[in-house]
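Q: please work out how this folds:
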Amino acid sequence: MIIFIKLLLAHLLGDFLLQPTSWVLDKESRKHKSIYLYIHTLLHFILAWALIGGTDFVWFAILLAVTHGGIDFLKLHFQKNKTKRNWFVIDQLLHLIVIIVITLLYTNERIDFTAFDNRFWIFATGILLLTKPTSILIKNIISIWTPENKTSDDSLSNAGNYIGILERLFVFYFVITAHFEAIGFLLAAKSIFRFGDLKEAKDRKLTEYVLIGTLLSFGIALLTGLLVKFGLLQSF
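A: The predicted structure follows:
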């Protein structure tokens, strides 16, 4: 299980936190001619090998990186502007399947090598998942309902994204520490501030759009917290 967690952590780091938007735009524009496609592939090899830490994992890390680059290659060549959301989901599912397969192949012959306590990897992966990866996931899910007038001249740049990350981390902490009543308080507090503005805007579609995003954000954070808590209890 911990091998899977480490490889998932490597994937989250390589695909979301360590991949600038400029790399993504260059790959979408130049496709297989983009140097960043190959840098991105190499980065996944380095991250996977570094987190597993065993010399016997080198060939598995190479296999993981090559398949990752191949999946990205297919995505770049087949996705269109209207199908980006679908290809994002397909891309991530294929990467997850590869990680599972690599884990199963490696587990049969791995040497027990643990650089850190297993609980650290479970906790770190849960926290990382709730940052940019979840923001991108929610954005892709609700993009089909984006209102045409969803603009605000007096809004801070990326404020909604950072607010979402912070609220998910708060919910995650409250679940881990078993303070579920604080989650209700947090949701109520956000409702007072956020939906007060929406009431003044008198836009039902925008209100429903924000409500779906909020419930998805809280739901994913709650589920992640419960899964991580279960994983922590199992690791004792």
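
Q: quick one, domains of this structure?
A: The chain breaks down into these domains under the TED database: 1-114, 137-234.

Q: would you check that Ile3 makes contact with Thr103?
A: Yes - between Ile3 and Thr103 there is a contact at 5.0 Å, judged by Cβ atoms under 8 Å. Yep, even glycine has a C-beta here, placed from its N, CA and C like the rest.

Q: what bits of this protein have low per-residue confidence?
A: 109-116, 148-157, 194-203, 235-236 (pLDDT under 70).

Q: let's see it at 80
A: 1, 109-118, 146-159, 190-207, 232-236 (pLDDT under 80).

Q: biggest helix in it, by residue count?
A: Among the segments of the chain that qualify as a helix by DSSP state H, the longest is helix 204-234.

Q: OK, contacts around Ile142?
A: Contacts for Ile142 (Cβ atoms under 8 Å, 6 or more residues apart in numbering) come out as Tyr209, Ile212, Gly213, Leu216.

Q: report the buried members of those.
A: Neighbour-count burial (16 or more other Cβ atoms under 10 Å) applied to these gives Tyr209, Gly213, Leu216.

Q: surely the last one touches Ile138?
A: Yep, that's Leu216 we're talking about. Yes - with contact taken as Cβ under 8 Å, Leu216 and Ile138 are classed as touching, separated by 5.1 Å.

Q: name the residues of stretch 66-84 that are buried.
A: For stretch 66-84, by 16+ other Cβ under 10 Å, it's Thr67, His68, Gly69, Ile71, Asp72, Lys75, Leu76, Gln79.
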